[in-house]
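S.K.: show me the folded form of this:
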Amino acid sequence: MDPLQVLPAGQTLESIGQWSMFWRPAYLEMSGWLEHIPFAFWLMEAHRPRVLVELGTHYGVSYFAFCQAVETLGLDTRCYAVDTWKGDAQSGLYDESVFDKVRSHSDARYSGFSELVRSTFDEAQGYFPEGAIDLLHMDGCHTYDAVRHDFETWLPRLSRRAVVLIHDTNVRERQFGAYEYFDSLRGKYPTFEFVHGHGLGVVAVGPERSELLGRLLDGSGNALFGQAVREVFSRLGRACADAYASDQYRNRARELETQICGCREQVEALAARDRERADTEMKLQIQIGRSDAEKQQLSERVGLLQETRVELREGLRQLQSRSEAMTAEFDACRKQLLRVERESVQCRNELAAIERKYDMERQSLCQAVETLNREKDSLVEKTKLQERDLDDRFRELAALTRMLEEKDRSIEALEKETEGLRREIPGVRAARWGRTANPLRRWIGPLAEKLKGNTLEKQSALIRGSGLLDESWYLRQYPDVGAGNMDPVRHYIEHGASEGRNPSEGFDTGYYLKNNPDVRRSGQNPLVHYIRYGRKEGRSPADGKGL
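M.R.: Below is the predicted model:
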């Protein structure tokens with residue numbers, strides 16, 4: 001016998017079931033609260049608080065789950081998040097960017113009913129009148145004294161229908177004492193505890209409560225009922241945590257691809273600088289060659305001048321040995337000699353200046369060559385380091401790619417297994433339960449039929465309103481639909497899409513599913529997906545066409 005069949009009346013899963021449990025969260029961040037988001041949706045629909053206060057918000061995962069429920073359900077709820085957004089000894093300290101991100105999301109999505117109160121918990125409690133708060137979420141410092149202080153301080157502010165949530169009731173390390181204080185409340189108030197996601201304690205402080213919340217709390221004493229409820233919310237919460245992890249893997253892969261592109265650009269820049277250095281070295285070599293040629297020419301000129309000086313001095317000696325009668329000729333030669341000596345001195349000075357200039361230029365060129373060589377060595381070493389870093393990043397990207405491929409394969413296997421289980425459900429129901437009064441079947445069956453009917457009606461209205469299904473064309477193209485006196489829109493939703501039939505000449509069902517594997521894996525109707533999302537995202541409905 002199924003253990004759920006022995007549950008008392010009113011303590012069955014269908015007695016507390018709500019569709020809000022299955023909503024997709026709009027905000028995901030790193031948090032120990034990810035696995036409690038489905039219960040937050042359920043509680044907001046079941047309890048419908050007028051004033052909600054959260055003590056300790058950090059990245060805002062729990063707070064924005066409450067806000068999403070308020071917006072989706074159209075509740076008249078005022079939401080307040082109280083935090084200093086500076087961190088503490090248990091959660092660690094963090095910078096201003098955390099508060100900026102939370103404030104930006106709150107202002108953009110929930111400014112009509114959400115307010116961030118940046119202060120300590122003790123300071124903030126004075127802002128609320130007594131008996132005003134219907135839902136209080138405590139997620140601040142988790143020592144026993146801190147939890148007890150927060151609970152007793154805020155107790156006068158709670159209404160007659162107030163519910164208190166205490167997070168981390170299943171953590172027994174780092175001086176966490178939330179579990180001890182929650183245990184002390186069990187005898188005073190009706191309670192229920194979830195053990196997954198670090199634990200979440202539910203305390204009904206006020207004597208008044210909704211019917212659904214009363215069923216949950218009244219069934220907490222039944223082990224089978226409690227186990228079933230915890231299992232349902234644990235699995236739903238695990239899906240939220242897996243969705244966040246999958247997003248993080250994909251973001252990391254995109255970051256690695258960006259870094260790899262940046263490394264490639266750096267390698268190309270280094271190659272360009274290496275070519276520029278080679279061109280500079282060639283120019284320096286040419287300039288050095290020209291300087292050597294100029295020096296050789298000056299040396300030859302100095303040699304000629306020195307030879308001329310020797311010859312002139314020899315003539316002077318010959319003139320001096322001649323008679324005084326040739327004094328006039330001697331004086332003329334002496335003047336010529338003096339002129340030549342002055343020219344020689346000038347030439348030597350010019351040669352010395354040229355040599356100094358040559359030495360300075362050669363020294364400067366040598367320093368430039370040494371600098372270029374050092375830069376070259378540095379660039380070569382940096383290039384080697386970057387190549388090694390690039391190899392490491394390629395290996396990391398390959399590992400992430402393999403991990404994503406394994407995730408995709410796991411998802412495909414799970415989808416195949418789910419499809420097989422769906423096909424086996426009718427047989428399993430008939431073989432196992434027959435016509436016995438199974439509470440789970442009585443809950444799931446009508447809900448599934450209602451969901452199927454609502455979904456079919458919504459999809460039919462969406463397709464008819466879009467005008468993208470040509471009923472006359474559909475009946476001409478598929479005469480068996482007209483022969484069976486079937487509605488073209490309902491036929492396409494229930495049978496046509498899965499059989500690969502097209503709703504009109506402008507929409508190719510097979511083409512859309514082939515080119516959008518995410519739609520094929522999700523099992524959504526391709527035309528419905530195109531109307532809701534595909535057209536806005538620029539997806540093509542047929543080969544080379546657009547509607």
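S.K.: so residue 171 makes contact with residue 200?
M.R.: No - if you go by C-beta atoms under 8 Å, residue 171 and residue 200 don't touch, sitting 11.1 Å apart. (Glycine included, C-beta is placed from N, CA and C.)
S.K.: so those two - more neighbours on which side?
M.R.: Per other C-beta atoms under 10 Å, whichever of residue 171 and residue 200 has more neighbours is residue 200, with 29 against 17.
S.K.: and that one, what's its pLDDT?
M.R.: Here, the pLDDT recorded for residue 200 equals 92.
S.K.: and the closest residue to it other than its chain neighbours, how many neighbours?
M.R.: Taking C-beta to C-beta, 6 or more residues apart in numbering, and ignoring the residues beside it in sequence, residue 200 has residue 194 as its nearest neighbour in space, at 4.5 Å. For residue 194, the count of nearby residues is 21 (other C-beta under 10 Å).
S.K.: hmm, residue 194 is touching residue 230, no?
M.R.: Yes - contact status for residue 194 versus residue 230: in contact at 5.8 Å, counting by C-beta under 8 Å.
S.K.: check contacts around residue 504.
M.R.: 468, 469, 470, 473, 474 (C-beta atoms under 8 Å, 6 or more residues apart in numbering).
S.K.: now intersect the residues you listed with the strands, please.
M.R.: In strands, judged by DSSP state E, none of the contacts of residue 504 are found.
S.K.: from the residues you listed, which is closest to residue 108?
M.R.: Residue 108 lies nearest to residue 468 out of those, by C-beta to C-beta, at 32.0 Å.
S.K.: so the closest one versus residue 486, what's the distance?
M.R.: Distance, residue 468 to residue 486, by C-beta to C-beta, to the nearest Å: 19 Å.
S.K.: can you check residue 533 too?
M.R.: In this view, residue 533 and residue 486 are 28 Å apart by C-beta to C-beta.
S.K.: can you check residue 234 too?
M.R.: Distance from residue 234 to residue 486, by C-beta to C-beta: 43 Å.
S.K.: do the same with residue 95
M.R.: Separation of residue 95 from residue 486 (C-beta to C-beta) stands at 62 Å.
S.K.: looking at the two, which is more packed in?
M.R.: More crowded of residue 95 and residue 486, by other C-beta under 10 Å: residue 486, with 17 against 10.
S.K.: so what's the residue of the chain most remote from its centre scoring on pLDDT?
M.R.: Distance to the chain centre peaks in the chain at residue 325, reaching 111.4 Å (criterion: C-alpha atoms, centre = their mean). On pLDDT, residue 325 comes in at 74.
S.K.: for residue 6, same thing?
M.R.: For residue 6, the model assigns a pLDDT of 47.
S.K.: could I get the contacts of residue 504 as JSON lines with distance to residue 358, neighbour count and pLDDT?
M.R.: Shown next, in JSON lines, are these (distance: C-beta to C-beta, whole Å; neighbours: other C-beta atoms under 10 Å; pLDDT from 0 to 100):
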{"residue": "468", "distance to residue 358": "86", "neighbour count": "19", "pLDDT": "92"}
{"residue": "469", "distance to residue 358": "90", "neighbour count": "22", "pLDDT": "93"}
{"residue": "470", "distance to residue 358": "91", "neighbour count": "17", "pLDDT": "93"}
{"residue": "473", "distance to residue 358": "92", "neighbour count": "15", "pLDDT": "95"}
{"residue": "474", "distance to residue 358": "94", "neighbour count": "20", "pLDDT": "94"}
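S.K.: now distance to residue 38 too, for these, in TSV please.
M.R.: What follows is these, written out as TSV (distance: C-beta to C-beta, whole Å):
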residue	distance to residue 38
468	34
469	35
470	41
473	43
474	40
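S.K.: just those residues: which are in helices?
M.R.: Counting by DSSP state H, the contacts of residue 504 place 473, 474 in helices.
S.K.: pick the one among the contacts of residue 504 closest to residue 224.
M.R.: Set against residue 224, the nearest of the contacts of residue 504 by C-beta to C-beta is residue 469 (48.0 Å).
S.K.: the closest one against residue 493, yeah?
M.R.: No - the pair residue 469 / residue 493 is not scored as a contact, 9.4 Å apart, by C-beta under 8 Å.
S.K.: list residues touching both of these two?
M.R.: In contact with both residue 469 and residue 493: residue 463, using C-beta under 8 Å, 6+ apart.
S.K.: what's around residue 375, how many residues?
M.R.: The number of residues packed near residue 375 is 13, by other C-beta under 10 Å.
S.K.: distance-wise, check it relative to residue 385.
M.R.: 15 Å.
S.K.: got it, and residue 304?
M.R.: 59 Å.
S.K.: need the phi and psi values for residue 135.
M.R.: Main-chain dihedrals, residue 135, degrees, to the nearest 10: phi -140, psi 120.
S.K.: the closest residue in space to it that isn't next to it in sequence: what's it in contact with?
M.R.: Sequence neighbours aside, residue 49 is the residue nearest to residue 135 in space, at 3.9 Å (criterion: C-beta to C-beta, 6+ apart). Neighbouring residues of residue 49 by C-beta under 8 Å, 6+ apart: 75, 77, 133, 134, 135, 163.
S.K.: pretty sure residue 27 sits against residue 64.
M.R.: Yes - look at residue 27 against residue 64 with C-beta under 8 Å: they come within range, at 4.2 Å.
S.K.: so what sits against both of those two?
M.R.: residue 105.
S.K.: would you map the helices across the stretch 151-300 of the chain?
M.R.: 178-185, 211-218, 223-321 (DSSP state H, counting those that start in this stretch).
S.K.: what helices or strands is the last one leaning on?
M.R.: The reference is to helix 223-321. Contacts defined by 3 or more C-beta pairs under 8 Å, 6 or more residues apart in numbering; DSSP states H and E place helix 223-321 against helix 13-16, helix 37-47, strand 191-194, helix 327-432.
S.K.: packing partners of the second one?
M.R.: Using 3+ C-beta pairs under 8 Å, 6+ apart, the elements in contact with helix 37-47 are helix 61-73, strand 133-138, strand 158-167, helix 211-218, helix 223-321.
S.K.: as JSON lines, the contacts of residue 49 with distance to residue 118 and pLDDT would be great.
M.R.: Formatted as JSON lines, the contacts of residue 49 follow (distance: C-beta to C-beta, whole Å; pLDDT from 0 to 100):
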{"residue": "75", "distance to residue 118": "25", "pLDDT": "93"}
{"residue": "77", "distance to residue 118": "21", "pLDDT": "94"}
{"residue": "133", "distance to residue 118": "19", "pLDDT": "95"}
{"residue": "134", "distance to residue 118": "23", "pLDDT": "94"}
{"residue": "135", "distance to residue 118": "21", "pLDDT": "95"}
{"residue": "163", "distance to residue 118": "25", "pLDDT": "95"}
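S.K.: wait, which of those residues is closest to residue 126?
M.R.: Nearest to residue 126 out of the contacts of residue 49 is residue 133 (C-beta to C-beta; 13.1 Å).
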